[in-house]
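In: how would this look folded up:
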Amino acid sequence: MELRELLSGEVITIGHDGTVAEAAVQMQIEGVGSLAVIADDDIYGIFTERDVVRCVAAGYDSVDSPIGEWMTPYPDSFSPDMDVNEAADWMLAVGYRHLPVVENGRLIGMTSIKDVLWALAEVAAKVR
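Out: Numbers count the residues shown, from 1 in each chain. Got it, this is the predicted structure:
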């Protein structure tokens, strides 16, 4: 199974000039754990639930804190042709919970560790 099979719907993004509070609200509304941070139609960063926690735990006001100070800039991106087993290995090795999926230089989706685990469980169930 490939990462492309895990992608559904539109990519949830936020502009690079957003705040931590705006990002947190958007993630809550959309029911996602990460946002692609976009600047000039390119992926500029990834902002996750962990980033919200780091900001608040450090004592910063999330309303005034720009996401650019907390996001992961220029994140690794992955091909939609990547096998989910390889993606799982990568996620475990480097500690990622979310993977931006890029095709021909364009962000086409974001997948999470939860998506990858569901896919692995589905493949394993078919083997039994």
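
In: for the protein, longest helix please?
Out: helix 113-127 (DSSP state H).

In: skipping its backbone neighbours, what lies nearest Glu49 in space?
Out: Gly33 (4.9 Å; CB to CB, 6 or more residues apart in numbering). Any C-beta I mention is one placed from the backbone N, CA and C, and that applies to glycine too.

In: show residues contacting the lowest-mean-pLDDT helix or strand in the chain.
Out: Least confident helix or strand, the chain: helix 113-127 with a mean of 84, by mean pLDDT, DSSP states H and E. Outside helix 113-127, the residues that touch it by CB atoms under 8 Å, 6 or more residues apart in numbering are Met1, Glu5, Leu6, Val84, Asn85, Ala87, Ala88, Met91, Tyr96, Arg97, His98.

In: again, only using 10 Å
Out: Contacts with helix 113-127, where a contact means CB atoms under 10 Å, 6 or more residues apart in numbering, come from 1-3, 5-8, 33, 83-85, 87-92, 95-99, 109, 111-112.

In: ok, what's across the strand from the spatially most central residue of the chain?
Out: Compute the mean C-alpha point of the chain, and by CA atoms, centre = their mean the closest residue is His98, 3.8 Å away. For His98, the beta-bridge partners are Ser112 (DSSP bridges).
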